[in-house]
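Chemist: Structure here, sequence nowhere to be found:
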Ligand SMILES: Nc1nc(=O)c2c([nH]1)NC[C@@H]1CN(c3ccc(C(=O)N[C@@H](CCC(=O)O)C(=O)O)cc3)C=[N+]21
């Protein structure tokens, strides 16, 4: 009984190795093709989430006369980051929240940046603080991230919230892994006992994603830069979450037929005709023929990241304001 699935996985692996050994072209043979996967509509899901958040923001205002405020800090002028930051501001307003942008020059010192965070920490109009990563060289992302008080750490990247996640305690969960989790819960449902592979072990995505999948009852493997054979780990996985920043790293023949593929990567590539296109960490055209469910890029995880940031900001405002109200009652 234990032998059968092993044997099947092994023989499938050999078949793929043989077909992949033809030197050129995609390693997916016709015999293994399936109907194209169902698309996971992150964009639509995020839009519905943002509507729900707007309703909750309005009810929160009616009760406390407070509008949740998010401060976004961008240091330097990376054009891609500027696009994301502007997108965040737009969605924040769409949800009825206030957005406070702080665009600082790349020459900003650590001391100046920490000074700004100190002011945002005590500003009663600010309930969430996000410092866009990566920071320019010379600024310490660990020191900066941990300067944000845990109550306003809506990215969930500081030691308190990361520790809470690792211990299975309630806290603020990083936006991108949270967005992936909500999509998986909606499209897959019960994940208990599933084999999940997370490719990428960053503090921003891979590690917190692994914690969340473990909480869902998955058997979790984390592949990273030193992993010897990520492809064969992927071929066993029911759920693959890819967050490496290496465009189109994951090929079609890495995907177990019917598996769920979540692509966190987003890179802009220039085509021969001079136009640009967004691609993920998964070769979509290949993987869509093998997977059961797959996120597109764009329109998959990206919009969910922003929706979860808004959710985290509203939750932070609730904790700050309701916590304050409670302590007021006690004095
Ligand atoms: N502290 C921190 N927290 C972050 O969450 C964070 C960060 N730093 N640094 C940069 C990355 C990148 N990121 C994205 C957010 C939304 C889209 C997004 O909305 N993407 C759209 C398309 C965007 C486009 O057209 O360029 C989509 O995928 O459909 C993408 C990427 C958050 N990040």
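Modeler: Sure thing, it's come through. Just so we're clear, the structure is a prediction, and the values are computed from it rather than from any experiment. Numbers count the residues shown, from 1 in each chain.

Chemist: Show me what from the stretch 151-300 of the chain comes close to the ligand.
Modeler: 155, 175-176, 266, 297-299 (Cβ under 6 Å from any ligand atom). Placement of C-beta: from N, CA and C, glycine included.

Chemist: Would you mind giving the secondary structure of residue 70?
Modeler: Assigned with DSSP: H, G, I helix; E, B strand; the rest coil, residue 70 falls in the strand class.

Chemist: I'd like to know how many residues surround it.
Modeler: 28 (other Cβ atoms under 10 Å).

Chemist: circling back: the residues of the stretch 151-300 of the chain next to the ligand in helices, which ones?
Modeler: Cross-referencing those against helices under DSSP state H gives 175-176.

Chemist: Provide a list of residues in contact with the nearest residue to residue 175 once chain neighbours are set aside.
Modeler: Closest residue in space to residue 175, ignoring its immediate chain neighbours: residue 308 at 4.0 Å, by Cβ to Cβ, 6 or more residues apart in numbering. Residue 308 makes contact with 49, 173, 175-176, 178-179, 182, according to Cβ atoms under 8 Å, 6 or more residues apart in numbering.

Chemist: Any chance of a markdown table for these, columns secondary structure, pLDDT and neighbour count?
Modeler: Formatted as a markdown table, those follow (DSSP: H, G, I helix; E, B strand; the rest coil; pLDDT from 0 to 100; neighbours: other Cβ atoms under 10 Å):
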| residue | secondary structure | pLDDT | neighbour count |
| --- | --- | --- | --- |
| 49 | helix | 98 | 20 |
| 173 | coil | 98 | 24 |
| 175 | helix | 98 | 26 |
| 176 | helix | 98 | 26 |
| 178 | helix | 98 | 22 |
| 179 | helix | 98 | 29 |
| 182 | helix | 98 | 18 |
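
Chemist: ok, so of the residues you listed, who is nearest residue 233?
Modeler: For the contacts of residue 308, the closest approach to residue 233 (Cβ to Cβ) belongs to residue 176, at 21.3 Å.

Chemist: isn't the closest one right up against residue 205?
Modeler: Yes: counting by Cβ atoms under 8 Å, residue 176 touches residue 205, with 5.1 Å between them.

Chemist: Tell me the residues that contact both of those two, please.
Modeler: With Cβ under 8 Å, 6+ apart, residue 176 and residue 205 have common neighbours 243, 264.

Chemist: and the gap between residue 222 and residue 259?
Modeler: The spacing between residue 222 and residue 259, counted by Cβ to Cβ, to the nearest Å, is 17 Å.

Chemist: So those two - more neighbours on which side?
Modeler: Set residue 222 next to residue 259 and count neighbours by other Cβ under 10 Å: residue 259 wins out with 25 against 18.

Chemist: the longest helix in this protein is where?
Modeler: Assignment by DSSP H gives helix 301-330 as the longest helix of the chain.

Chemist: Per-residue pLDDT of the residue nearest to residue 175, please?
Modeler: Note for residue 308: predicted pLDDT of 98.

Chemist: Might one say that residue 248 is in contact with residue 278?
Modeler: No: judged on Cβ under 8 Å, residue 248 makes no contact with residue 278 at a distance of 11.7 Å.

Chemist: For the closest residue to residue 140 other than its chain neighbours, which residues are in contact?
Modeler: In this structure, residue 140 finds its nearest non-sequential neighbour in residue 110, 6.3 Å apart by Cβ to Cβ, 6+ apart. When contacts are counted by Cβ under 8 Å, 6+ apart, residue 110 touches 138-140, 143-144.

Chemist: mind pulling up the phi and psi values for residue 110?
Modeler: Per-residue torsions, residue 110: phi -60, psi -40 (degrees, to the nearest 10).

Chemist: How much space separates it from the ligand?
Modeler: Per Cβ to the nearest ligand atom, to the nearest Å, residue 110 is found 17 Å from the ligand.
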